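**Student:** got a predicted model here, sequence first, then my questions.
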Amino acid sequence: MPPKTPNALLHGALDALILKTLTKGPNHGYAIAKFIEETTEEAVLVEEGSLYPALYRLERRGWVDAEWGTSELGRRAKLYRLTEAGRHQLAAETATWRRFSTGISKVLFSR
Amino acid sequence: MKRSLRSWLWRVPIDQEIDEELELHIEMRTRELIDRGMDRKTAREVALSRLGDIATLKRTMTDLGRKRDRDMRLTLWLEELADDLKFAFRQLKASPSFTLVATLTLALGIGANSAIFALVDATVLRPLPYGNPDRLVALWENSTTIDRSYVSPLNMLDWLARGQSFEKIAGFAPGVGGMVMAGLDGNAETVSRQWVTAEIFDVLGVKPIAGRTFTREEDVKRSNVIVMSEGFWRTRFNADPSVIGRELRLDGSLWTVVGILPRDFQLLGDTSLWAMRPITNLNPRARGAYILQVVGRLKPGVSIKAAEADLAAVAGALSGEYPQTNRGRGVAIQPLHDSLIGRDLRFTSMLFLGVVGFVLLICCANVANLLLARATVRKRELAVRSALGAGRRRIVRQLLTESLVLSFVGGAMGVAIGAAILRVAPSLIPEGLLPATVALSFDIRVVAFCAVTAFLVGLIFGVVPAWKATDFSSAEVLGSDSRTMTRTGGRLRGLLVVGEIATAVLLLFGAGLLLRTLLAVDAFDRGYRAESVLSMLVDPLGSKYPTPASLQQFFDEVEAEVAAVPGVASVGWAESLPLDFFDAGGLSFEIVGDPPVDQSQRPTTEYQIVSPTYFSTLDLPILSGRVFDKTDTRDSVPVCIVNEAFARSLRGRDPIGLKVALRPAGSPEAKPSVREIIGIARQVKGRPDEIKDFVQVYVPMAQDLSDDMFLVVRPKSGRAEALAPSIRAAISRVDTEQLVSVRDVMTLEDIARTATSRHRFRAVMVVAFAALALVLALVGVVGILAYSVQQHVRDFGVRRALGATTSDVIRLVMTDAARVVAAGTVIGLALSAASGRLIQTLLFGVSPLDLQTFAMVTIVLAVTAAVAIVGPAWHATRIDPATALRNT
């Protein structure tokens, strides 16, 4: 994996968060945004303008899949679902994050 | 699973997809904010603002969405293709005999086409293998009576010097001669040699692989220099580089080898050596020597038309300066490619391509037939797939994949067949049919041709059966008996076979016409009666015989020496040979004492110098008057013998005793030579396929001698060629210093055969393809008959049970076959009648509407079709009523 610049890392972070959210089952864009906000206690503010392009990119890569379903409002909603390839990708992203955060923590929390 | 979801999604246009998705998001956010106590209007504004600039967002999403869809379509397409291919191979493996027959049929068709494509590619499509070939042209002289004559070297030099259009002009002798190479191992041998002017290789842009080509200085100094072909250099000198600069003794003189030319380079004719013929400071008399085939390289941007106008002005000036030789002579220019390949050969290539194209169509029809038969059998399988939800397009695509797989397997085998044909082709194609510049080769272009053909063929024979096979309402098919569904398929298959028969008839008819042409050309009356005559060109070189008298003496001595050779019955001399006449343009003539005729209206005649013994050697009858004899000498009255066509042109007057005034055609003011007609000789053929008898005068060699003459020898018995060694020995006894080149040793029959080789080649090829077409078409007939017998087993069974006899059953099958064959034949004959004229230029001695050929084709077809249907008919008679009724 090529070394990541902080930007790319954030980019990848959003991807990873989306994928992680979808492990709980298929969901639509708003629900994904909401879930991230709530789970991270709004420490990570999802830029809503970048959420949807990210979803489309993930779809193109084949990491998520989409179908039409019904939302809580009874309206037609595009539901995203994690694919097998997405699951693998999430595992890889998670491992990267772990290495990264462990490394940073070691430095920041050392005496 | 993935696929069905996506295909569902695609039905929503991308804009709508995005709008709906974002609207839902905004609506839900708005509701959330209202729940927190905002009023609706503010809530919506906040929700919108949190998404940023909506327009930009939508644009980004649309863009990404499009890319996503494109990728997915491709993935899906590839996945389906892989599935289809897997399935197709499984299907084909499941019915090996069908697969084998279909691929073999296609392989034959595509293989034959690829070989012919190579010929067309070499003769029509491919540019000449020279640098900037589009600027290369052939130049000819012309006059009021001759369209194209070879060129005098002095005129060629003036065209270059005075004209503005050409970078370079050079020439070569149109024929390939021989040189006696003396010495290396004590034995002299004759090596093929072509005369060229110094700059010919520069004009063509040919680079030597070793050494150099000729220089201008060598032309000025009149050096004896030669270049050698790579092939000769490798075989004769073991590719020894020290050959360059070495001197070889050729025809008695020393010649320096200056370079080696690459293997694939040839001009017209196939030669080992190119010897430089100097053209600087020639004797002014050379202006009348039309000996060169001239090639020019146009300056960039100059068109042939412009060059023609330019040289017309030069030729005009020259005819003023040299009226004797140049009056009325102009210049004709054509692309070098056209000139080297020739109309006839290009037409022949295209004819072959058309013929094999038809053969391929028949192959397609046969395979389509097989597929249709299979489709009927598979109808249930397809109906099940359809019932399970596969769309018609999807199933058609599956079936098309199968036919494309078939055609590509067939195509791959066709490539192999084509390669094999091209490997043996050079030994099958008559020598001299293809110019040496044309090389038949198996290369990537041929493979590409096969690939494209296979693809098109797969589509052609696949589409209709696939479409028909999927034309069902599933319920009907699943519920019904398979026997009832063959009706429409059967009619289509019948039509296909009718088409095949019609095509085969068309090809057979063409083949018949070409065969009749060949027979006519072979069986024509040559005019002379000798069975076997050996001929060779005797060319005394150098300056050993400077005067006509000494030359005459040499020829006389050779004649006496050869006549004394045991086994020789008769010996004569001739300037040219029957069937091998070169169209030199001839002479114009007038009968002395007749009212003067305007110069452009004067008739022309061929002019042949012969010895008195020529007529007896060829057993060529003198019909009246006398033959030349010893009393006709340089100092006696000039005489000539005319042929029958000449005599006829006098419209009833007895030619004998008349005086004829002869002038070079195109030099109407030249001083005529006047000769008295002393005899009439029987008409001989100048060319095997001449349409009109040509007019000819014979002149005794004692009164007008040519520098080189053909020796003709008739043996007492047996084959003439057996005499060749002893005749050569006899000549060298006269020519003790070995200064005479003896070459072009062949019999007159050889010449006749060479002259007819084009006709033979064409006829053999077209007959072979037509036979192939006939066999394939009959395979088609047998195919549908066998199938229909099989489908009607119960029918036949019932008839037998009701008392039908064997002959009744046979009649039933025959009627089916006869209808198809008869319809095909009638259509084929009608097509033949309509299109026979297309090949009229290739025919000789037979009309394009030849009744005998029509009859022959009909008989061939009737007989072969009768043979072909024996199998199915026999099968039908063997049907046992009991079994048939029980089993179906």
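**Tutor:** Okay, I see it.
**Student:** what ranges do the strands span in the stretch 701-850 of chain B?
**Tutor:** Per DSSP state E, counting those that start in this stretch, the stretch 701-850 of chain B carries strands over the ranges B:709-715, B:740-747.
**Student:** which neighbours in the sheet does the last one have, and how are they oriented?
**Tutor:** Each strand that strand B:740-747 pairs with, and the sense of that pairing, follows from DSSP bridges: strand B:534-540 (antiparallel).
**Student:** state the mean pLDDT of the following helix or strand past the partner strand.
**Tutor:** Following strand B:534-540 in sequence order, the next helix or strand is helix B:548-563 (DSSP states H and E). Averaged over helix B:548-563, pLDDT sits at 89.
**Student:** could you pull up the residues touching B:Gly462?
**Tutor:** Contacts of B:Gly462 were listed using Cβ atoms under 8 Å, 6 or more residues apart in numbering or on different chains, and they are B:Ala368, B:Leu371, B:Leu399, B:Leu400, B:Glu402, B:Ser403, B:Leu404, B:Ser407. (Each C-beta comes from the backbone N, C-alpha and C, glycine too.)
**Student:** please identify the most buried of the strands of the stretch 701-850 of chain B.
**Tutor:** Of the strands of the stretch 701-850 of chain B, the one with the most neighbours on average (mean count of other Cβ atoms under 10 Å in any protein chain shown) is strand B:709-715, at a mean of 23.
**Student:** list the buried residues in stretch B:860-874.
**Tutor:** Of all the residues in stretch B:860-874, those buried under the rule 16 or more other Cβ atoms under 10 Å in any protein chain shown are B:Val860, B:Leu861, B:Thr864, B:Ala865, B:Ala868, B:Ile869, B:Pro872, B:Ala873.
**Student:** leaving out the residues flanking it, which one is nearest to the fifth one?
**Tutor:** Counting by Cβ to Cβ, 6 or more residues apart in numbering or on different chains, B:Ala868 lies nearest to B:Leu778, which is 4.2 Å off, once chain neighbours are set aside.
**Student:** so the one you found is in contact with B:Ala865, correct?
**Tutor:** Yes: in this structure B:Leu778 lies within contact range of B:Ala865 using Cβ atoms under 8 Å: 6.4 Å.
**Student:** from the chain's centroid, how far away is the lengthiest helix in chain A?
**Tutor:** Ranked by residue count, the top helix of chain A under DSSP state H comes out as helix A:84-108. From the chain centre to the centre of helix A:84-108 is a distance of 13 Å (Cα atoms, centre = their mean, to the nearest Å).
**Student:** next one: stretch B:615-628
**Tutor:** 41 Å.
**Student:** what's the end-to-end length of it?
**Tutor:** The stretch stretch B:615-628 measures 9 Å between its terminal residues, going by Cα to Cα, to the nearest Å.
**Student:** what is the longest helix of chain A packed up against?
**Tutor:** Packed against helix A:84-108, as judged by 3 or more Cβ pairs under 8 Å, 6 or more residues apart in numbering or on different chains; DSSP states H and E, are the following elements: helix A:6-22, helix A:48-61.
**Student:** element containing the nearest residue to B:Leu24 once chain neighbours are set aside?
**Tutor:** Using Cβ to Cβ, 6+ apart and skipping the chain neighbours, the partner closest in space to B:Leu24 is A:Ala77 (5.4 Å). Assigning secondary structure by DSSP H and E places A:Ala77 in strand A:76-82.
**Student:** and the closest residue to B:Val697 other than its chain neighbours, how far from B:Pro13?
**Tutor:** Excluding its sequence neighbours, the residue lying closest to B:Val697 (Cβ to Cβ, 6+ apart) is B:Cys640, at 4.7 Å. Using Cβ to Cβ, to the nearest Å, B:Cys640 is found at 95 Å from B:Pro13.
**Student:** the more surrounded of those two?
**Tutor:** Neighbour count, other Cβ atoms under 10 Å in any protein chain shown: between B:Cys640 and B:Pro13, B:Cys640 has more, with 29 against 10.
**Student:** and chain A, which residues reach chain B?
**Tutor:** For chain A, the contact set with chain B under Cβ under 8 Å from any Cβ of the partner chain comprises A:28-30, A:33-34, A:47-49, A:52-53, A:56-57, A:59-60, A:65-68, A:71-73, A:75-78, A:83.
**Student:** mind doing that once more with 6 Å?
**Tutor:** Within chain A, the positions lying close to chain B (Cβ under 6 Å from any Cβ of the partner chain) are A:29-30, A:48-49, A:52-53, A:56, A:59-60, A:67, A:71, A:75, A:77-78.
**Student:** around chain A, which positions in chain B sit nearby?
**Tutor:** So far as Cβ under 6 Å from any Cβ goes, chain B lies against chain A at B:5, B:21, B:24-25, B:28, B:50-52, B:57, B:60-61, B:64-65, B:67-68, B:71.
**Student:** if we can go back for a sec, to B:Val302, which of the strands of the stretch 701-850 of chain B lies closest?
**Tutor:** The closest of the strands of the stretch 701-850 of chain B to B:Val302 is strand B:740-747. By Cβ to Cβ, the value is 38.8 Å.
**Student:** cheers, nothing more for now.
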